[in-house]
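In: Sequence plus predicted model, see below.
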Amino acid sequence: MIPELGHYALVLALFLALVQATLPLIGAARGDIAWMDVAKPAAIGQFTMILVSFLALTYAYVVSDFSVLNVVQNSHSMKPMLYKVAGVWGNHEGSMLLWVLILAMFGGAVALFGHNLPPTLKARVLSVQAMIGVAFLLFIIATSNPFIRVDPAPLDGTDLNPLLQDPGLAFHPPFLYFGYVGFSMAFSFAVAALIEGRVDPAWARWVRPWTLAAWSGLTMGIALGSWWAYYELGWGGWWFWDPVENASFMPWLAGTALLHSAIVVEKRDALKSWTILLAILTFTLSLIGTFLVRSGVLTSVHAFAVDPARGVFILALLVIATAGALLLYAIRAPSMKMGGLFAPISREGALVLNNLLLSTATATVFLGTLYPLFLDAIDAGKVSVGPPFFNATFIPLMVPLIAAMSVGPLLAWKRADLAGALSRLKFAAVLTVICVLGALYAYQGGPVMALLGVALAAWAFFGAIIELTDRIKLFRAPLAESWRRAVGLPRSSWGMTIAHAGMGVAIAGMTGSAAWMTERIQVMRPGDTAQIAGYELRFDQVEERPIANYQAKTGTFTLSRNGEFLATLHPEERWFPVSRMSTTEAAIRTNWVSDLYVVLGQEQQGGTGGYATRLYHHPLVPWIWIGCVIMMIGGCVSLSDRRFRIGVPARAKRDRQPTPQPAE
Amino acid sequence: MTGVVRACLAALLIAVASPAFAVQPDEVLRDPAMEARAREISKELRCLVCQNQSIDDSNAPLARDLRVLVRQRLVAGDGDGEVLDYVTARYGDYVLLRPPFKASTYVLWLGPIAVLLLGALGAALFLRGRRPTVVGGEGATPLTPEERQRLDRLLREDS
C-alpha cells in the first residue's frame, strides 16, 4: 500500500509541476497577479508530493519490502540500517528520485524565501524550474519507476553493491546532488532573466546565494567521493580522472567561474551577458553529467545503443533544455546594455582572467572526457584518455589561476595598481620561499613539480591571509581598531578569504600525495616486521569472523616508532556472500599531517601463512579533504552575508525615498 | 564483471573500481630504480579489460601480464620509450592513457590551446572595448598632460 501511495504522489507531483511550469509563466506575460501566485503553492505542493514519494520508497527499504523490485535488487534483510536507507539512492531509480526531490526542494525554497524577488521574476524562475521538474518526473515515471512490484515476492534481496556499503559513500550522493541539481537554480534565474529581458546587479545578488549553496554542496560531495576512493580502493589514490568523476568536476569548475563572474555583475554591472551564458552552461554540464552516468554510454557507445531508452530520454532533455536556453540567449543577449567600464589591470580584469582559465579548464576536461566516445561513435578508432593527458593539460591552466588568485583580491575595482598589489604581497612571497626551502630540506630535493606545488599552495594560503590582514590593518593599526574592522568586514569577504586559503591547503595535500608517497609491498607472515618512513609495523595475526552481512578477515598490526608503541591497526578484507564480492578496508592512522596506510592483501598460495601486505606513507594527504572542508565552510560563511537576505543594494536605499516595494 | 561495473555506474557519480591489489610482491623488481621506472610506465598504460584503470591500479589478470611484460622489457635493457613502443606495437594506441599526437587526436590535444587562445582573444577585444580611456569616442581630443595629471589625482582619491 505504501509504495502505491508513493507512486501516486509522484504522479501528482508531475501534474503540479505541469501547472507550475505553465500558469505562472502566462501570468507573468499578461501581468496577471493571480496566475503568477499559483507558482508558490504549486512549488511547495510539488516538493511535498515528491517528499512523500521519497519517504514511501525509504519506508519500503527500511522494512525490507521485497515485493518492490527496486528493494529486491538493491537491499538485503541482513544489511545494517544505515545502508538500507542509503540503498534508496544507491541505485538508478532511487537516485533519480533524489534528483527530483532536490530539484523541487530548491524550487520550494525560492517559493518560500524569495520574498524580495520581483513578482514576475519569481513566477518565471519557478516556472522554468518546474519545466525541468516535469521532464525528470516524466523520465522517472516512464523509464525508471522505483515502485514497480514483483510477484511472487522473493524471500530476500540481492544486496547492495558492497563497495557502496560505506559511510563515506552513503552521504556522497545527497551532497553531490545538492550541488549538481542546485545549479538548476542559476539556470532558471538566467532563463527567467532572459525572458524578462533584464539583468542588473540586483539579479546577480539573487542568483549568487543559490549558486554558492550549490557550489558548497558540490565541493563537499566531490570531496566525500574522493575520500571514499582514497580509503576504500586499497592504495590511496584519490582522483582518477575517470569520466564519472569528471562528470561532477565539470559543473564544479563552471560553477566556480560563475560564482566569480556574478560578483562582477553585482558590483560593477558588467559581464552580464557572459554570466548568463555561464549559468546556462553550468547546468548544461550537470545535465551532461547525468546523461553520461545514467545512460550507460561510458561502458561503451555500443552498450548504450543496445538499451537506449533512458539515455535517449536524457539526451533529448539535454538538447531541448540547452538549445532552448541558448536560442533565447541568442535572441535576447545582444540587447543587453553594457555596464561599467574598467581597465585590464583591475579587479574586474582579474575576474575575467579567472573566468578565462576556469572555462578553458572546463573545456579541457569536457574534451578529454567525451573525445573517446566521440571517436568511437563516428568509428574513427579507439583512444584512451587517462590521467597523463589531464595532468599535461589541466595543471598548466591551474598554475596561472592559483598564482593570480592571491593577487586579484588586492586589486581595486575599475583600475588598479599591479605593482602596488604585488608589493603588498611581499610577505606572502617570503613565506612561500621559506615553505619551498623547507620542502627541499625535508625531502632532500624531490621533483620540480612538487616544489612548484608547494610554492602555489603557500602562495594561495598566505596570499589569502595577507589580503585579510591588509583589510583589517592588522599590526598597522591598534588591535581594537583591527578587531572592529574584522567584525565589520562583510561575511562574503570572510568567505572568500576562507575559501581561497582552503584551496591552498588542498593543493598542499595534492602535491604531497603526488610527490612524496612511499610504498612497501611484500609478503608478511604473523610475527614479521616491516619498516616504512621511520615507522615499524609488526604483523601480529589474522582473525576470521562473520559480521552482519559479510565475513571479515581482520589483520592486527602493531605500529611503533623507535621502539615506542604508537597504535594497533586493523586492516580488513570483507567477503559479501550474497553479491559474491569482496572489499578491502585499509587501516589508516593519521596525525593530520600524514597518513600511515596499511592494506591486508590475499593470502599467499602454498599454505605458508604469508599475506601480501601493502604499507603506504602518504604525507600531507589529509589536507586535501581538510582543504575541501575549509572551502565549503568559506562558501557557507559567504552565504550568511546579510546582503543576500536583505537583497536590496545598500546604495539604492540611501539614494531613494523609502518605498513600500523593494527596489528592483 | 561488466554487470558489476554497470551496477556501480548506475548507482554512483564517482569512480568505482574493484579494490585494487595491483602490483603483487612477486612482481616487484629487485632494483628499486628500475622498479620505479616500471611503476611510472605502468601508469601510462591502460588495462584493456577494465574501465579506465591503468595497469598499475588494476587487479585483472591481463593487467598483471602487462606489468610483468613491462618489467621483462626493462630487465632486457629497453628504455622507457622503447617499452611503450613495444607494448603499443602489440596492443595498439588504445593501450596508451596519454593518446599519441596524430591526425585523429589533433582536436583533442590542440582543442584546449585553441579554446584558451580564442578565449584570450575574446577577452582582449572585450577589455579594449571596456577601457575607461575610450569613453570619449573617436572624435574626442586626447587629454592634455595637465588634464591627465588632474584626472589621475582624482582617480587616486576615488580609490
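Out: Noted; the coordinates are in hand.

In: residue contacts, the closest residue to chain A within chain B?
Out: Using C-beta to the nearest C-beta, the closest approach of chain B to chain A is made by B:L97 at 2.9 Å. Heads up, the C-betas are built off the backbone N, CA and C, glycines and all. If a contact means C-beta atoms under 8 Å, 6 or more residues apart in numbering or on different chains, then B:L97 has A:384-389, B:43-46, B:54 as its contacts.

In: give me that answer again for 6 Å
Out: The contact partners of B:L97, by C-beta atoms under 6 Å, 6 or more residues apart in numbering or on different chains, come to A:384, A:386, A:388, B:44, B:46, B:54.

In: How about A:K414?
Out: Each residue near A:K414 by C-beta under 6 Å, 6+ apart is listed here: A:342, A:346.

In: State the phi and psi torsions of the residue of chain B closest to chain A.
Out: When read as degrees, to the nearest 10, the backbone of B:L97 gives phi -80, psi -20.

In: That one - nearest residue in space that isn't next to it in sequence?
Out: Using C-beta to C-beta, 6 or more residues apart in numbering or on different chains and skipping residues adjacent in sequence, the residue nearest B:L97 is A:G386, 2.9 Å away.

In: so where's chain B shaky on pLDDT?
Out: B:1-21, B:130-142, B:158-159 (pLDDT under 70).

In: Check chain A too.
Out: With pLDDT under 70 as the threshold, chain A has low-confidence stretches at A:299-307, A:445-446, A:644-664.

In: what's around the residue nearest to B:L97, how many residues?
Out: Taking other C-beta atoms under 10 Å in any protein chain shown as the neighbour definition, A:G386 ends up with a count of 24.

In: Please determine how far it is located from A:T393.
Out: Taking C-beta to C-beta, to the nearest Å as the criterion, A:G386 is separated from A:T393 by 12 Å.

In: Pull the contacting residues for A:L12.
Out: Per C-beta under 6 Å, 6+ apart, neighbours of A:L12: A:M49.

In: tell me the domain ranges of chain B?
Out: Residue ranges of the domains in chain B are recorded as B:21-95, B:101-131, according to automatic domain parsing.

In: closest one to A:I498 among those domains?
Out: Ranking the domains of chain B by their distance to A:I498 (criterion: C-beta to C-beta) puts domain B:101-131 first, at 28.2 Å.

In: hmm, back to that, gap between the residue of chain B closest to chain A and A:K267?
Out: 43 Å.

In: quick one: the helices in chain B?
Out: Counting by DSSP state H, residue ranges of the helices within chain B are B:2-11, B:32-42, B:61-75, B:80-91, B:106-130, B:145-158.

In: Over in chain A, which residue gets nearest chain B? Let me know.
Out: Here the residue of chain A nearest chain B is A:G386; by C-beta to the nearest C-beta that distance is 2.9 Å.

In: Against B:E82, how distant is that residue?
Out: With distances defined as C-beta to C-beta, the gap from A:G386 to B:E82 amounts to 21 Å.

In: Out of the domains of chain B, the one nearest A:G368 is which?
Out: Comparing the domains of chain B by their distance to A:G368 (C-beta to C-beta), the top pick is domain B:101-131, with 7.1 Å.

In: Is the closest one in proximity to chain A?
Out: Yes - for domain B:101-131, a contact with chain A is found by C-beta under 6 Å from any C-beta of the partner chain, at B:104, B:108, B:111-112, B:115-116, B:119, B:123, B:127, B:130-131.

In: Just give the closest residue to the most centrally placed residue in chain A, not the sequence neighbours.
Out: Most central residue of chain A, judged by C-alpha distance to the mean C-alpha position with C-alpha atoms, centre = their mean, is A:L218 at 2.1 Å. Once its chain neighbours are removed from consideration, A:L218 has its nearest residue in A:G179; the separation is 2.4 Å (C-beta to C-beta, 6+ apart).

In: Following the chain onward from the one helix or strand that neighbour maps to, which element is next?
Out: The secondary structure element spanning A:G179 is helix A:172-196 (assigned by DSSP states H and E). The first helix or strand that comes after helix A:172-196 along the chain, using DSSP H and E, is helix A:201-232.

In: Run through the neighbouring helices and strands of that following helix.
Out: Contact analysis of helix A:201-232 by 3 or more C-beta pairs under 6 Å, 6 or more residues apart in numbering or on different chains; DSSP states H and E lists helix A:167-170, helix A:172-196, helix A:243-268, helix A:622-639 as its packing neighbours.
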